[in-house]
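>>> next input, structure requested:
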Amino acid sequence: MDRAFPGRKLAPANTDGKLIDHKRIQSALISVFHKDGLGPIVRELHRLGVTMYSTGGTRTFIEEQGVPVVPVEDLTSYPSILGGRVKTLHPKVFGGILGRRERDSDVAQLEEYAIPPIDLVVVDLYPFEATVAAGGTEAEIIEKIDIGGIALIRAAAKNFSDVVIVPEQRHYPELLRILKEQEGSTTLAERKALAAAAFEVSSRYDGAIHGWFDGGRSEHVLRYGENPHQKAVFRGDLDALFAQLHGKELSYNNLLDLDAALELIDDLATLEGVPFAVIKHNNACGAAVRPTLKEAWEAALAGDPVSAFGGILVTTAPIDRATAEAIDTIFFEIIVAPGYADDALEVLRKKKNRIILVRTATSIPARKQRTALNGTLEQGADRVLVRGAEMKPVTKVRPAAEQLDDLTFANILVKHTKSNAIALAKGLQLLASGTGQTSRVDALEQAIAKARKFGFDLHGAVMASDAFFPFPDCVNIAADAGVSAIVQPGGSIRDQESIDACDARGTAMVLTGHRHFKH
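Have a look, this model is predicted:
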């Protein structure tokens, strides 16, 4: 029998030092702000004969379910004080959570001080972030900094070998499943997984509080950085940009891709038609502008159906069911659109982890920052967009109206591609790009090879370069591949050599006067 808690048995002492796997919930501490979904859990706990401890509004809620509950005040012999600021901060509560059931010295102290072990802790935190978002006063915000709740979460998670922690509402269904299907018995793996979720909740909550004190910037702790061994946070207000309808939490790499996606789609939106783009590792692997959304998606995907796997999809048009069914045939991480038809959401929500975002704002900061060495670099965002009519023809052959549209399209794409960059396009469709190469020739050859790999005919295509040509080699390589018009910034002391090469090949060239390096 459990000497500190008459009527229940502790697991037998473990002599080999290993944690015991299966443990049954026999006592629970429940203290939550939100009560939605709690009723079925309380009733299942009662069915299983679990002793429940609770305080304040949660205790009242449990009693209203017709379920017996022990007030925490009866356990601690102290009332809730300081207007509810101190309720559960007591050794008889935390001792019951942190006591190690297989350690004789811990069990002896639990017995000495009549502390009952607590096997389950169900807590959610005061809505700090919601209070900030609602424009609460400083006093209201301060009062929503949870002290007891966060301590309970951390204590229960630390002692996951013995205790089940449920740190927020989204884990209620998992707890209810355990109570119904496993009769309240949990495995070590289940307890450890919930402990990991608890520390994520704790970290995110503390990050939000720190962000508010640090000037109002909300801080979101991310799962990890670019790689799993790197820790990362996002400081900003994602809720001002997106409403997430479905899927897992955004990651560090997701946020970088989303930044690239929004920058690109905003420029493509200046063209006539519906734009659709697929982003992979901050670069467009597919992009097109078409009269209808589904046509735009199909043309964007055709640009590189291999790289589109696991990509970020972005458009400026609401997603209809036909387009949803078309894009549902591939795996992708995120889709961003201004809205979704109900039947389109039915299709897209079939994948549990797929992130579905509604873009709620179009403004992006006009300043860009990044760390470098022991400081920070800041510059204005690249907002320059040179359209076809503004481009300067410099060759004997002048581009036709359709070519000017393609040149504008290609120039937008190369602007948003890592340098050195080349973009090949035709009919407002990205055929291929050369990205992040150390030489412009390499970028062009990469783009040509990729376009041919996916069966594109480059005759009549246009080429955009993010920087000038120091030599005419790229002009000749592009002309050999069938490119008929080129857009580049100009500015080389040897521009005339490239212009002469275009004249010799019957290729049109226009200059924008604006370089678009992207590092």
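>>> which stretches in the stretch 251-400 of the chain count as helices?
For the stretch 251-400 of the chain, the helices defined by DSSP state H, counting those that start in this stretch occupy 252-268, 293-302, 321-327, 342-348.
>>> which positions within the longest one qualify as buried?
Yep, that's helix 252-268 we're talking about. When burial is assessed from 16 or more other Cβ atoms under 10 Å, helix 252-268 yields the following buried residues: 252-255, 257-258, 260-268. In short, each C-beta sits where N, CA and C put it, glycine included.
>>> what is it packed up against?
strand 274-280, strand 283-290, strand 311-315, strand 332-337, strand 355-359, helix 401-415 (3 or more Cβ pairs under 8 Å, 6 or more residues apart in numbering; DSSP states H and E).
>>> indicate which one of the ones you listed is closest to Asn374.
Nearest to Asn374 among those is strand 283-290 (29.3 Å), distances taken as Cβ to Cβ.
>>> residues in contact with that closest one?
260, 264, 268, 271-279, 295-296, 299-305, 307-308, 311, 409, 413, 416-418, 428-430, 433, 435-436 (Cβ atoms under 8 Å, 6 or more residues apart in numbering).
>>> now the buried members of the residues you listed.
The neighbour count (16+ other Cβ under 10 Å) marks 260, 264, 268, 273-279, 295-296, 299-304, 307-308, 311, 409, 413, 416-418, 428-430, 433, 435-436 as buried among the contacts of strand 283-290.
>>> distance of Val132 relative to Pro365?
As defined by Cβ to Cβ, to the nearest Å, Val132 lies at a distance of 20 Å from Pro365.
>>> same question, Gly135
Distance of Gly135 to Pro365, computed by Cβ to Cβ: 22 Å.
>>> His256 against Asn282, yeah?
Check again: residue 256 is Leu, not His. Yes: assessed by Cβ atoms under 8 Å, Leu256 is found in contact with Asn282 at 5.8 Å.
>>> okay, now the unreliable bits of this structure?
Within the chain, the stretches falling below the threshold (pLDDT under 70) are 1-20, 78-81, 83-88, 214-219, 363.
>>> longest helix of it?
When secondary structure is assigned using DSSP state H, the longest helix within the chain turns out to be helix 188-213.
>>> so what does it touch, helix or strand wise?
When contacts are defined as 3+ Cβ pairs under 8 Å, 6+ apart, helix 188-213 packs onto helix 128-133, helix 148-158, strand 164-166, strand 219-221.
>>> ok, which stretches of the stretch 401-519 of the chain are strands?
According to DSSP state E, counting those that start in this stretch, the stretch 401-519 of the chain carries its strands in the segments 422-425, 430-434, 462-465, 485-488, 508-511.
>>> what does the last one rub up against?
Residues external to strand 508-511 that are found in contact with it (Cβ under 8 Å, 6+ apart): 388, 391-395, 397-399, 403-404, 407, 475, 484-490, 495, 498-499, 502.
>>> strands paired with that strand, and their directions?
Strand 508-511 has the following sheet partners, assigned by DSSP bridges: strand 392-393 (antiparallel), strand 485-488 (parallel).
>>> again with the longest one
In the sheet, strand 430-434 lines up against strand 422-425 (antiparallel) (DSSP bridges).
>>> convert the C-alpha atoms of the partner strand to PDB, please.
What follows is strand 422-425 as a C-alpha-only set of coordinates in PDB (Å, rounded to 0.1, in the frame of the first residue of the first chain):
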ATOM      1  CA  ILE A 422      19.400  33.600 -64.000                       C
ATOM      2  CA  ALA A 423      15.700  33.100 -64.800                       C
ATOM      3  CA  LEU A 424      14.300  31.700 -68.100                       C
ATOM      4  CA  ALA A 425      10.600  32.300 -68.900                       C
END
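>>> now that strand, how far from the centre of its chain.
Average the C-alpha atoms of strand 422-425, do the same for its chain, and the two points are 29 Å apart (Cα atoms, centre = their mean, to the nearest Å).
>>> show me how far stretch 94-108 is from its chain's centre.
Relative to the centre of its chain, stretch 94-108 is centred 39 Å away, using Cα atoms, centre = their mean.
>>> what about it, start to end distance?
One end of stretch 94-108 to the other measures 16 Å (Cα to Cα, to the nearest Å).
>>> now swap in stretch 208-222 and tell me
First residue to last in stretch 208-222 (Cα to Cα) measures 12 Å.
>>> please apply the same query to stretch 325-334.
Its first and final residues considered, stretch 325-334 spans 15 Å by Cα to Cα.
>>> pull out the buried positions in it.
If you call a residue buried by 16+ other Cβ under 10 Å, then stretch 325-334 has these buried ones: 326-327, 332-334.
>>> now do that stretch: distance to the chain's middle.
With Cα atoms, centre = their mean, you get 17 Å for stretch 325-334.
>>> residues contacting that stretch, please?
Taking Cβ under 8 Å, 6+ apart as the criterion, the residues outside stretch 325-334 that touch it are 247, 250, 254, 257-258, 278, 294, 297-298, 301, 305, 308-313, 335, 347-348, 350-351, 354-357.
>>> what about the closest residue in space to Val483 that isn't next to it in sequence, neighbour count?
Leaving out its chain neighbours, the residue that sits closest to Val483 by Cβ to Cβ, 6 or more residues apart in numbering is Met463, at 4.8 Å. The local packing count at Met463 equals 32, with neighbours defined by other Cβ atoms under 10 Å.
>>> heads up, I number from 208, so please use that
Got it, the first residue is 208 from now on, which makes the last one we talked about Met670.
>>> quick one: Met670 from Gly587, how far?
Here the criterion is Cβ to Cβ. By it, Met670 lies 27 Å from Gly587.
>>> tell me who's in contact with Thr523.
The neighbours of Thr523, taking Cβ under 8 Å, 6+ apart as the test, are 472, 475-476, 481-482, 544-545.
>>> out of these, which is nearest to Ala396?
For those, the closest approach to Ala396 (Cβ to Cβ) belongs to Ala544, at 37.6 Å.
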